[in-house]
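Asker: let me see the structure of the following:
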Amino acid sequence: MPIKAYALLGISCVTAIAAVGSVFELASGVPRFGTATTAIILTLSGIATPIIFWLAIKEGRATL
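Answerer: Numbering: from 1, shown residues only. Alright, predicted model coming up:
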């Protein structure tokens, strides 16, 4: 059972949710954590999501 692939996929989902949430927070005009912090979260999660997703796919294929 490829537990590492499942963990990476879960982390990728969490970072994707953080990115979408940050977009909505910034669009509302009054972000809860401030504009700068929310923009940093959006940037980091936007970069991390595809990378971690790719790593999850790579790890999953390696176990086949």
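
Asker: CA only for contacts and neighbour counts going forward, please
Answerer: OK.

Asker: per-residue confidence at the residue minimising distance to the centre of the chain?
Answerer: The centroid of the chain falls nearest to Thr15 when counting by C-alpha atoms, centre = their mean (1.8 Å). Predicted confidence (pLDDT) for Thr15: 98.

Asker: and if you look at Lys58?
Answerer: For Lys58, pLDDT reads 96.

Asker: report the buried residues of stretch 42-51.
Answerer: 42, 45-46, 48-49 (16 or more other C-alpha atoms under 10 Å).

Asker: adding secondary structure, pLDDT and distance to Leu9, write these out as a markdown table.
Answerer: A markdown table is the format used below for the buried residues of stretch 42-51 (DSSP: H, G, I helix; E, B strand; the rest coil; pLDDT from 0 to 100; distance: C-alpha to C-alpha, whole Å):
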| residue | secondary structure | pLDDT | distance to Leu9 |
| --- | --- | --- | --- |
| Leu42 | helix | 98 | 19 |
| Ser45 | helix | 98 | 14 |
| Gly46 | helix | 97 | 15 |
| Ala48 | helix | 98 | 12 |
| Thr49 | helix | 98 | 9 |
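
Asker: how many residues are close by Phe53?
Answerer: Look at Phe53: counted by other C-alpha atoms under 10 Å, it has 20 neighbours.

Asker: what's the distance between it and Ala36?
Answerer: Taking C-alpha to C-alpha, to the nearest Å as the measure, Phe53 falls 26 Å from Ala36.

Asker: and if you look at Leu9?
Answerer: 28 Å.

Asker: what about the two, which has more around it?
Answerer: Counted by other C-alpha under 10 Å, Leu9 and Ala36 do not tie: Leu9 has more neighbours, with 21 against 11.

Asker: who are the packing partners of the helix or strand harbouring Ala36?
Answerer: Assigned by DSSP states H and E, Ala36 falls within helix 35-62. Here helix 35-62 touches helix 3-28, going by 3 or more C-alpha pairs under 8 Å, 6 or more residues apart in numbering; DSSP states H and E.

Asker: contacts for stretch 10-19, please.
Answerer: 41-43, 45-46, 48-50, 52-53 (C-alpha atoms under 8 Å, 6 or more residues apart in numbering).
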